[in-house]
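Peer 1: predicted model and sequence follow; I will ask about them next.
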Amino acid sequence: MSINELFKALSDENRRKILDLLRKGDLTAGEIAEHFDISKPGISQHLSVLKHAELVYAFKKGQYVYYSLNSSVFQDVMKWVVQFNSKGENE
């Protein structure tokens, strides 16, 4: 994951809403689509961007593909952000 891909993924309001939905638990693309007024291919495109940024991962369960948050990426981002605050304190 590059930090640029991460910020690109987070820059879109719909993708941030998808992440908020996944905070509550794993969902299929269809379940995610129910919360939006955009096409299912549009939802798939957003999910693809989120997967490419490693913010979500997909796993197959039966005939459905479920999407989950990858919380370790958020921990890495927080470490990256905190370094800017702590760097000023060490000087």
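Peer 2: That came through, no problem. Numbers count the residues shown, from 1 in each chain.

Peer 1: make it CA atoms for all contacts and neighbour counts henceforth
Peer 2: Fine.

Peer 1: so which residues of the protein form strands?
Peer 2: For the chain, the strands defined by DSSP state E occupy 27-28, 56-61, 64-69.

Peer 1: okay, the ones you listed in TSV with mean neighbour count, distance to Ile43 and mean pLDDT next?
Peer 2: Shown next, in TSV, are the strands of the chain (neighbours: other Cα atoms under 10 Å; distance: least, Cα to Cα, whole Å; pLDDT from 0 to 100):
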stretch	mean neighbour count	distance to Ile43	mean pLDDT
strand 27-28	18	11	96
strand 56-61	15	13	95
strand 64-69	19	12	96
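
Peer 1: for the most centrally placed residue in the chain, give its distance to Asn85.
Peer 2: Note on the chain: the residue nearest the mean C-alpha position is Leu55, at 3.6 Å, using Cα atoms, centre = their mean. Relative to Asn85, Leu55 is positioned 24 Å away (Cα to Cα, to the nearest Å).

Peer 1: what residues does the longest helix anywhere in the chain touch?
Peer 2: Determined from DSSP state H, the single longest helix within the chain is helix 71-90. Outside helix 71-90, the residues within contact range by Cα atoms under 8 Å, 6 or more residues apart in numbering are 54-55.
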